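J.: Turn this into a model:
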Amino acid sequence: MVGITPLEAAPANKGASLVPKDIQQIQTNAPIIAKEKPSQPSQPVNPTKQESLKREVFGFLPYWKLDQASNLHYNLLSTIAYFGVTADDNGGIVEEDPGFTGWVSPTMETVRQKARENNVRIVLTLEAMTNNRIENILNDPATRTRLINRTVAEVNSKGGGGINLDFEYVGDPGPIVRKEFTDFTKEMADALHREIPGSEISVDVYAGGSHPSTLYDVSALTPSIDKIFIMGYDFYSPGSDNAGPVAPLYGAQEGKYYLDVATAVDEFLKVAPAEKIILGVPYYGWDWPVYDGKDPRSAKSWGGTEMKTYALTQEDSDNNDGSRNWDDLAKEPWYWWWNPTNETWHQVWYEDAASLGFKYDFINQKNLGGAGIWALGYDQNRPELWDLLKNKFFG
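T.: Next up, the predicted model:
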């Protein structure tokens, strides 16, 4: 897949950030956990370094980008979420997966050490990406308890500062599964906070996740959790019929887009406090084969859509003054190119410093908890996105 180094083949993102098309048309007691002494002290609740940060800067570090760990600017981050380990159907963690291998690797231990030196919180992402697996975990109280015990113990053993839950259910789970996820999250939060004082739990939600037909009962979740991470990207993705902006900031009210970032956030603000909301932004774009490269949001033609990291879009010679365009409602750039090999037009919609700057201004205007990044390492060693974080969130 374009934009991913040969370290491991991996997805471009954590899954579609929006709810399925049917929704797109509208906008117990905690388990007892055995004490386990952490190998390293957990991060403090309010790291002193972060006194100069106006907002949370929450960055996902995926296992397939650990080779970019040396390029991290720890002084500009408040939280690093390692992505991630996979829950199995029986309440365990899949240790054969590359995500677990990365979590226990020497490279990740170096990241943890540098994070401690800079008072940056390290959290572990626990993921479940299929409906069957999510239901198998949630429907059985014993399985939930085992998974909570296993995950908290894993974080504790590495001196981690929290857990990020990434359960991506596609479609309407129904009220029973929805309540079970709320109960499970509360049980996880209670156990984590009890076993690791000062730790934090966050939950990843689709941009349309405030809708009552999703897994996430946001108003019921927020009293138990510390942060809610809105996956504010993939409004257009490989499954879309047309090319389009990855994360349009505006355009829904004008009828140009069925949903945009601003509208999604406003819906979340009806059911969650602003200070708990982290708006996730993409450090990547999508390259669509299209029928007409110069026609904005052209229909997709034959062939596959490919991810391009921010670094790749900046290195692409086709991204030049002759082909680059700007969507002023979406506040996002795009460019076209012609592939002579298969005689196909392409459009690339992506995020850059200008488009991200508008989103960071929006975060400040709405007084949200902060910004989230999917994903650290997608900028490689380029400095401009780090400079932007410093300009928008320090002071």
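J.: Tell me which other helices or strands the longest helix along the chain touches.
T.: The single longest helix within the chain, with elements called by DSSP state H, is helix 174-195. For helix 174-195, the elements it packs on are helix 131-139, helix 141-157, strand 162-167, strand 200-206, helix 218-221, judged by 3 or more CB pairs under 8 Å, 6 or more residues apart in numbering; DSSP states H and E. Quick note: C-beta positions are derived from backbone N, CA and C, even for glycine.
J.: could I have stretch 78-87 exported to CSV, CA atoms only?
T.: The C-alpha trace of stretch 78-87 is given here as CSV (Å, rounded to 0.1, in the frame of the first residue of the first chain):
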residue,chain,number,x,y,z
SER,A,78,1.1,15.2,25.6
THR,A,79,0.1,11.7,24.8
ILE,A,80,1.5,8.9,22.6
ALA,A,81,-1.1,6.1,21.9
TYR,A,82,0.7,3.0,20.8
PHE,A,83,-1.4,1.3,18.1
GLY,A,84,-1.9,-1.4,19.1
VAL,A,85,-2.8,-4.8,20.4
THR,A,86,-5.7,-6.9,19.3
ALA,A,87,-8.3,-8.4,21.7
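J.: Endpoints of stretch 133-150, how far apart?
T.: Counting by CA to CA, to the nearest Å, you get 17 Å between the two ends of stretch 133-150.
J.: May I see the buried residues of that stretch?
T.: 133-138, 140, 143-150 (16 or more other CB atoms under 10 Å).
J.: and what of stretch 56-76?
T.: Neighbour-count burial for stretch 56-76, with 16+ other CB under 10 Å as criterion, is recorded at 56-66, 68-69, 72-74, 76.
J.: And stretch 316-332, by the same measure?
T.: Buried, per 16+ other CB under 10 Å, within stretch 316-332: D316, D318, N319, S323, D327, L329, A330, K331, E332.
J.: just so I know, which of the helices and strands packed on helix 174-195 lies nearest F229?
T.: strand 200-206 (4.7 Å; CB to CB).
J.: And that closest one, how far out from the chain middle?
T.: 9 Å (CA atoms, centre = their mean, to the nearest Å).
J.: Just the CA trace of it, in PDB.
T.: Once non-C-alpha atoms are left out, strand 200-206 reads as follows in PDB (Å, rounded to 0.1, in the frame of the first residue of the first chain):
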ATOM      1  CA  GLU A 200      -6.400   7.900  31.600                       C
ATOM      2  CA  ILE A 201      -8.800   6.000  29.400                       C
ATOM      3  CA  SER A 202      -9.900   7.200  26.000                       C
ATOM      4  CA  VAL A 203     -12.400   5.800  23.400                       C
ATOM      5  CA  ASP A 204     -12.200   6.200  19.600                       C
ATOM      6  CA  VAL A 205     -15.500   7.000  17.900                       C
ATOM      7  CA  TYR A 206     -16.500   7.500  14.300                       C
END
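J.: And the contacts of that strand?
T.: 14, 16-19, 58, 79, 81, 121, 123, 125, 161-168, 185, 188-189, 192-193, 214, 216, 218, 221, 224-231, 278, 280 (CB atoms under 8 Å, 6 or more residues apart in numbering).
J.: same deal with stretch 356-365?
T.: 54-55, 232, 247, 249, 261-262, 265, 279, 281, 331, 370-371, 385, 388-389, 392-393.
J.: Take those and keep only those in helices.
T.: V261, A262, V265, L385, L388, L389, K392, F393.
J.: quick one: which of those is most hemmed in?
T.: V261 (28 neighbours; other CB atoms under 10 Å).
J.: Could you tell me which residues make contact with it?
T.: A207, G232, F235, A247, P248, L249, Y250, L279, K359, F362.
J.: Recalculate using a threshold of 7 Å.
T.: G232, A247, P248, L249, K359 (CB atoms under 7 Å, 6 or more residues apart in numbering).
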